[in-house]
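1. Mind looking at a prediction? Sequence and model below.
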Amino acid sequence: MTLAVEMKNITKTFYGMKANDDISFQVVKGEIHALLGENGAGKSTLMNILFGLYQADQGEIRIHEKPVKVSDPQMAIQLGIGMVHQHFMLVDKFTVLENIILGAEPRKGTSIDYHKASKEIETLSNQYGLKINLNSQVRDISIGMQQRVEILKTLYRGADILIFDEPTAVLTPQEIQELASIMKNLTDEGKTVILITHKLKEILAIADAVTVIRRGKVCDSLRVKDTDEAELAEKMVGRKVTLQLDKEEKEREGLVLSLRDVRARDNRGLEALHGIDLEVYGGEIVGIAGVDGNGQSELVEVITGLRQVQSGEIVLAGDHITGLHTRQINEMGVAHIPEDRHRTAIVMDMTLSENLVLNSYFKEKFNKRGLLIEKSIKSHARKLIDKFDIRTPSESAKIRALSGGNQQKAVIAREIEGNPQLLIAAQPTRGLDVGAIEFIHRQILHERDQGKAVLLVSFELEEILSLSDRIAVIYEGRIVGIVDPKETTEQELGLLMSGRIKGKETADES
């Protein structure tokens, strides 16, 4: 057994807290090795050390059984290590070819030898099953194809060890299957793959081995054939986790949200929503399924008043809310869990208690003649901390000190506590571990069971299928189909999401 990677006794401390605590980690050459752990467990820190983005405080790295010093990413590349980041590092206006060779251009005299580069990349493309049009501009190709560009970038630079950071987060089911085949092709050709993911089913489907990290320490390393989903979930969070939702049938109630021919532009001024028609009733969860960038963000923003509506109408329980300000819409009973909690849901340098009143600090309960009533705010925070099991040293702790899962619990606590008519949950479990996901799913279901209307936007099809009562598929700013989750599959949803079936043509004609 030849080891491609060995990390011994790795310790890394940030602000007095150990992100990696004496971690030892081995990866066999030619295998897919999954790295699993809760949000904040330390797995990304460990891989950033391997790729030279961070330096360990102590410990040793061996590549192909030789000790090395990975001082920066350039050194990692020289050692044959490549990293495919979750957020692609591509130049939209460049062609596929230009992106792949950027910073490593072959020269012919004083000019770039594009012919030589094309031949080398075509050879790699054929060898690893990474077919792509080198002359296409990156902005014109799908997310799945952009990921292929990132993989080819690492291979073009000679990578033998490839690190994938949450690679399936924005892919359709078909693209996920294609990526799994690509990873298998890579290992069949002698490459080694390290896969960072929180998706247990993916680990079981494609990995050979898995290392579980909990609170900065390795708690186990296993062969995938010797474990199962329940065991991995328990090892990851340190307790038994309910993986199946107990969802009861419920009669839907009155119409809460109605969108009629809603159109809106994106930040570039291009039309992002092309005449959206959508209804959400009380006592139901309507899931919005789609590949990232097809209008989901703009849809949520027009409903919540964060983006201007170009035309059409939005009605909440009989009242027109089109064009109203965000606070007005919130006061009328719309709660919003934003897709990016750090950018639009919380203020990192404020305390937990302050964050829990961001949408209500101006109310009489917390405010007297323009001055905040600190005692009431802290009392309110302690009540929500207990009710929603927010793990924190105290209500006065800065929210940045909490884990991602506890930050998200705080956002959900704040939004649900206002007793909304409509709850909009955008990517509510993004980047969270199975323990936090389990808790958040229960809260969303509870709101539905209390007769609230829920609009769920998620890239996780398993989440959409398990929580939703109806699923609306969005493609290129249009609702191309509404399906019953009990009568559809991930594959069928994936086809709708990629616009490959008649529903897309019908929507275009309308």
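-> The structure has been received and is ready for your questions. Numbers count the residues shown, from 1 in each chain.
2. mind checking the end-to-end distance for stretch 354-372?
-> Distance between the two ends of stretch 354-372: 10 Å, counting by CA to CA, to the nearest Å.
3. Touching that stretch from outside, list them.
-> With contacts defined as CB atoms under 8 Å, 6 or more residues apart in numbering, stretch 354-372 is touched by 327, 330, 346-347, 373, 376-377, 380-381, 384, 399, 410, 413-415, 418. Using the backbone N, CA and C atoms, a C-beta is placed for each residue, glycine as well.
4. If we go by neighbour counts, what in it is buried?
-> Burial within stretch 354-372, assessed by neighbour count using 16 or more other CB atoms under 10 Å, is assigned to Glu354, Asn355, Leu356, Val357, Asn359, Ser360, Phe366, Asn367.
5. so what are the domain limits for the protein?
-> Domains of the chain are assigned by automatic domain parsing as 3-237, 255-509.
6. Could you tell me which ranges of the stretch 51-200 of the chain sit under the pLDDT cut-off?
-> Applying pLDDT under 70 to the stretch 51-200 of the chain flags residues 169-170.
7. Which element, helix or strand, includes Leu273?
-> Under the criterion of DSSP states H and E, Leu273 resides in strand 271-281.
8. Check which residues of that strand are buried.
-> Neighbour-count burial for strand 271-281, counted by 16+ other CB under 10 Å, picks out Ala272, Leu273, His274, Gly275, Ile276, Leu278, Glu279, Val280, Tyr281.
9. residues contacting Ala425?
-> Contacts of Ala425 by CB under 8 Å, 6+ apart are Ile337, Ile444, Val454, Leu455, Leu456, Val457, Ser458.
10. Are any of those buried, and if so which?
-> Ile337, Ile444, Val454, Leu455, Leu456, Val457, Ser458.
11. These in strands, which ones?
-> Among the buried ones among the contacts of Ala425, DSSP state E puts Ile337, Val454, Leu455, Leu456, Val457 in strands.
12. thinking again about what came up before, any of the contacts of stretch 354-372 buried? List them.
-> Listed as buried from those are Asn330, Ile346, Ser376, Ile377, His380, Ala381, Leu384, Ile399, Ala410, Ala413, Arg414, Glu415; burial here means 16+ other CB under 10 Å.
13. mind listing what the residue lying closest to the last one once chain neighbours are set aside touches?
-> With CB to CB, 6 or more residues apart in numbering as the criterion, Glu415 has its nearest non-adjacent residue at 3.9 Å, and that residue is Ala335. Counting by CB under 8 Å, 6+ apart, Ala335 touches Glu415, Ile416, Gly418, Pro420, Leu422, Leu423, Ile424.
14. burial of the fifth one, as a residue count?
-> So the one you mean is Leu422. 23 (other CB atoms under 10 Å).
15. again with the last one
-> For Ile424, the count of nearby residues is 25 (other CB under 10 Å).
16. Relative to Phe459, how far out is the closest residue to Phe94 other than its chain neighbours?
-> Excluding the flanking residues, the one nearest Phe94 by CB to CB, 6+ apart is Val138, at 6.1 Å. Using CB to CB, to the nearest Å, we find Val138 at a distance of 20 Å from Phe459.
17. which of the two has more neighbours?
-> Comparing Val138 with Phe459 by other CB under 10 Å, the one with more neighbours is Phe459, at 21 against 18.
18. Would you pull up how far stretch 372-385 lies from the middle of the chain?
-> Its chain's C-alpha centre and that of stretch 372-385 lie 31 Å apart, by CA atoms, centre = their mean, to the nearest Å.
19. correction: stretch 295-307
-> Here the centre of stretch 295-307 is set off from its chain's centre by 19 Å, with CA atoms, centre = their mean.
20. So what's the model's average confidence on that stretch?
-> Looking at stretch 295-307 alone, the average pLDDT works out to 95.
21. Just the closest of the ones in strands among the buried ones among the contacts of Ala425 to Asn185, please.
-> Val457 (33.3 Å; CB to CB).
22. Quick one: residues contacting Val347.
-> Going by CB under 8 Å, 6+ apart, Val347 touches Glu354, Asn355, Leu358, Ile399.
23. Kindly present the residues you listed as CSV, with separate columns for distance to Gln78, secondary structure and pLDDT.
-> Formatted as CSV, these follow (distance: CB to CB, whole Å; DSSP: H, G, I helix; E, B strand; the rest coil; pLDDT from 0 to 100):
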residue, distance to Gln78, secondary structure, pLDDT
Glu354, 47, helix, 95
Asn355, 44, helix, 95
Leu358, 47, coil, 94
Ile399, 40, helix, 93
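24. Just the buried residues of stretch 430-445, please?
-> 430-441, 443-445.
25. Among the residues you listed, which pair sits farthest apart?
-> Every pair of the buried residues of stretch 430-445 checked by CB to CB; the farthest is Gly431 and Leu445, at 20.8 Å.
26. ok, and the closest non-adjacent residue to Met7?
-> Phe25 (4.5 Å).
27. For Leu200, give its distance to Val411.
-> Using CB to CB, we find Leu200 at a distance of 25 Å from Val411.
28. cool, and Ile213?
-> 25 Å.
29. again, but for Glu271
-> Taking CB to CB, one finds Glu271 at 30 Å from Val411.
30. and if you look at Ser466?
-> In this view, Ser466 and Val411 are 21 Å apart by CB to CB.
31. Who has more neighbours out of those two?
-> Counted by other CB under 10 Å, Ser466 and Val411 do not tie: Val411 has more neighbours, with 24 against 16.
32. can I assume Ser376 sits in a helix?
-> Yes - checked against DSSP: H, G, I helix; E, B strand; the rest coil, Ser376 lies within a helix.
33. Without its sequence neighbours, what residue ends up closest to it?
-> Once flanking residues are discounted, Ser376 sits nearest to Phe366: 5.4 Å by CB to CB, 6+ apart.
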